[in-house]
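> Structure of the sequence below:
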Amino acid sequence: MKKIKIAIIGVGNCASSLMQGIHYYKDKNPEDAVGLMHWDIGAHKPSDIEVVAAFDIDKRKVDKDVSEAIFEKPNCTTVFCEDVTDMGVKVSMGKIMDGVAPHMKEYPDDQTFIVSNKKEENIVEVLKQSGTEIALNYLPVGSEEATRFYAECCLDAGVGFINCMPVFIASDREFAKKFEKNGIPIVGDDIKAQIGATITHRILAKLFTDRGVKLDRTYQLNTGGNTDFLNMLSRERLKSKKISKTEAVQSVLDKPLKSENIHIGPSDYVPWQKDNKLCFLRMEGRMFGGVPLNLELRLSVEDSPNSAACVIDAIRCCKLALDRGVSGALTSISAYIMKHPPHQFPDEKAREMVEEFIQGKRER
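Coordinates of the predicted model:
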């Protein structure tokens with residue numbers, strides 16, 4: 001198959017897991033390809049994805065080949081595939097804007113960014129000259145201005161956009177219209193991991209509702225030790241993140257909980273956890289006869305591979321849209337793998353919609 005040419009905006013842990021995964025699965029077959037939701041989508045396999053451009057602001061990554069940059073600090077995710085061959089693609093200096101929280105300067109270099117003094121590249125030109133078809137946004141939470149800037153660059157370059165973080169682009173009606181008008185597909189917003197805190201919380205909340213249990217209150221607390229959790233210590237950067245995660249759970253309930261009865265959001269940064277994320281979830285409800293029911297769950301996952309499993313499907317669905325001339329927000333794959341899609345659907349319905357889209361039975 002013809003390669004799917006992608007650009008990566010932010011060469012962090014998530015990009016590292018994705019790149020490792022592309023190489024990990026290249027010698028696999030459907031029978032032993034553990035960890036994929038789809039082996040092929042429109043005949044495209046994971047190994048058909050090719051990075052042709054990348055952007056970052058860390059001096060340890062800028063000007064290095066992507067295959068080397070994904071293993072540079074402060075990246076700390078699990079290395080499950082060391083055999084990532086030289087890609088012949090150097091990391092370009094990106095635009096900083098609000099991509100770096102001021103408080104991160106107070107932490108050791110191996111935990112945070114070391115901003116390069118290189119001149120910022122012309123993003124649109126790099127996208128055009130590299131032949132990029134789809135760009136992935138992996139910027140840190142709270143990068144509102146930077147995300148909108150890169151989305152506009154994709155519009156100018158005629159490049160599909162997959163927004164993996166909680167700035168509302170695909171779910172913003174005006175922004176989605178821009179992509180549709182320009183004939184470009186977009187997937188977003190805010191990646192919902194393969195088996196992560198949000199998808200688990202959604203499934204359990206739906207279980208309560210389906211089985212007639214009245215959910216009275218719930219919380220979800222998360223800790224981690226990667227740069228994402230360090231970045232999120234700045235609470236003012238969390239507004240859209242909290243909205244995204246909370247709405248993802250509220251949307252599966254028959255009647256949303258009052259704000260005082262639901263708390264979902266990052267809790268704290270624990271450096272030695274590195275890319276391991278711990279989720280502490282509690283649900284309090286009433287069952288038959290009004291008898292109390294409490295559920296507590298502890299989930300431990302490696303954060304970045306967890307998201308890469310979904311992104312690898314998003315890329316191939318976005319490529320299908322490009323091949324079919326479908327533009328604007330892709331409803332099905334966004335609902336299935338994003339916390340804040342343009343339209344929320346129950347997870348089983350979203351999965352069905354994705355299968356219909358892949359088979360050509362559904363436009364988007």
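> quick one: low-confidence ranges for this structure?
In the predicted model, the chain carries pLDDT under 70 at residues 1.
> Distance check, the closest residue to residue 46 other than its chain neighbours against residue 154.
Computed as C-beta to C-beta, 6 or more residues apart in numbering, the closest residue to residue 46 that is not its neighbour in sequence is residue 25, at 4.2 Å. The way it works is simple: take the backbone N, C-alpha and C, and place the C-beta from them, glycine included. As defined by C-beta to C-beta, to the nearest Å, residue 25 lies at a distance of 26 Å from residue 154.
> go on, residue 148?
Taking C-beta to C-beta, one finds residue 148 at 11 Å from residue 154.
> just to revisit the earlier point, in terms of neighbours, single out the busier of residue 25 and residue 154.
Taking other C-beta atoms under 10 Å, residue 25 and residue 154 do not tie; residue 154 has more neighbours (28 against 21).
> counting contacts, what elements does the helix or strand harbouring the more buried one pack onto?
Element membership of residue 154, judged by DSSP states H and E, is helix 144-157. In this structure, helix 144-157 packs against helix 123-130, strand 134-137, strand 160-163, helix 173-181, with contacts taken as 3 or more C-beta pairs under 8 Å, 6 or more residues apart in numbering; DSSP states H and E.
> and those, which is most packed in?
strand 160-163 (a mean of 28; mean count of other C-beta atoms under 10 Å).
> got the contact list for that strand?
Residues outside strand 160-163 that contact it (C-beta atoms under 8 Å, 6 or more residues apart in numbering): 133-137, 147, 150-151, 154, 169-170, 179, 184-190, 311, 314-315, 318-319, 321-322.
> one more time with 6 Å
134-137, 151, 154, 169-170, 184-189, 314, 318, 322 (C-beta atoms under 6 Å, 6 or more residues apart in numbering).
> can you dump the C-alpha coordinates of that strand into CSV?
Extracted C-alpha coordinates of strand 160-163, given in CSV (Å, rounded to 0.1, in the frame of the first residue of the first chain):
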residue,chain,number,x,y,z
GLY,A,160,-5.7,16.6,7.7
PHE,A,161,-5.6,17.2,11.5
ILE,A,162,-5.9,14.8,14.4
ASN,A,163,-6.2,16.7,17.6
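> sorry, back to before: and the helices and strands packed on helix 144-157 as JSON lines, adding distance to residue 260?
Conversion of these to JSON lines gives the following (distance: least, C-beta to C-beta, whole Å):
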{"stretch": "helix 123-130", "distance to residue 260": "43"}
{"stretch": "strand 134-137", "distance to residue 260": "33"}
{"stretch": "strand 160-163", "distance to residue 260": "30"}
{"stretch": "helix 173-181", "distance to residue 260": "30"}
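> Please name whichever of these is nearest to residue 282.
strand 160-163 (30.1 Å; C-beta to C-beta).
> element containing residue 336, please.
helix 331-337.
> By residue count, which helix of the chain is the longest?
The helix that spans the most residues within the chain, counting by DSSP state H, is helix 303-324.
> Could you give me the buried positions within that helix?
Residues of helix 303-324 classed as buried by neighbour count (16 or more other C-beta atoms under 10 Å): 303-322.
> Tell me the secondary structure at the closest residue in space to residue 60 that isn't next to it in sequence.
Once flanking residues are discounted, residue 60 sits nearest to residue 72: 4.4 Å by C-beta to C-beta, 6+ apart. Counting by DSSP: H, G, I helix; E, B strand; the rest coil, the backbone at residue 72 sits in coil.
> Burial check on residue 32, number of neighbours?
So residue 32, with other C-beta under 10 Å, has 8 neighbours.
> what does residue 117 give?
Residue 117: 7 neighbours (other C-beta under 10 Å).
> distance of the residue nearest to it when sequence neighbours are not counted from residue 114?
Leaving out its chain neighbours, the residue that sits closest to residue 117 by C-beta to C-beta, 6+ apart is residue 59, at 7.4 Å. Taking C-beta to C-beta as the measure, residue 59 and residue 114 are separated by 5 Å.
> contacting residues for residue 164?
Residue 164 sits in contact with 137, 138, 191, where contact means C-beta under 6 Å, 6+ apart.
> Not counting sequence-adjacent ones, nearest residue to it?
Nearest non-adjacent residue to residue 164 (C-beta to C-beta, 6+ apart): residue 191, at 4.3 Å.
> so the one you found touches residue 308, yeah?
No: Residue 191 is beyond contact range of residue 308, at 9.2 Å (criterion: C-beta atoms under 6 Å).
> Other residues contacting stretch 81-101?
So stretch 81-101 is contacted by 11, 19-20, 23-24, 51, 54-57, 61-67, 69, 113, 116, 118, 120-121, 126, 139, 143, 145-146, 149, 231, 234, 237 (C-beta under 6 Å, 6+ apart).
> Which of those are buried, as a PyMOL select command?
Only the buried members of the contacts of stretch 81-101 enter the following PyMOL selection, criterion being 16+ other C-beta under 10 Å:
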select buried, resi 11+19+20+23+24+51+54+55+56+57+61+62+64+65+66+67+69+113+116+121+126+139+143+146+149+231+237
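> show me where the stretch 201-350 of the chain has helices.
227-231, 239-250, 303-324, 331-337, 347-358 (DSSP state H, counting those that start in this stretch).
> How about the residue in this structure that sits furthest from its center?
residue 289 (41.4 Å; C-alpha atoms, centre = their mean).
> how far away is it from residue 83?
59 Å.
> Residue 193 too?
Where residue 83 is concerned, residue 193 sits at a distance of 25 Å (C-beta to C-beta).
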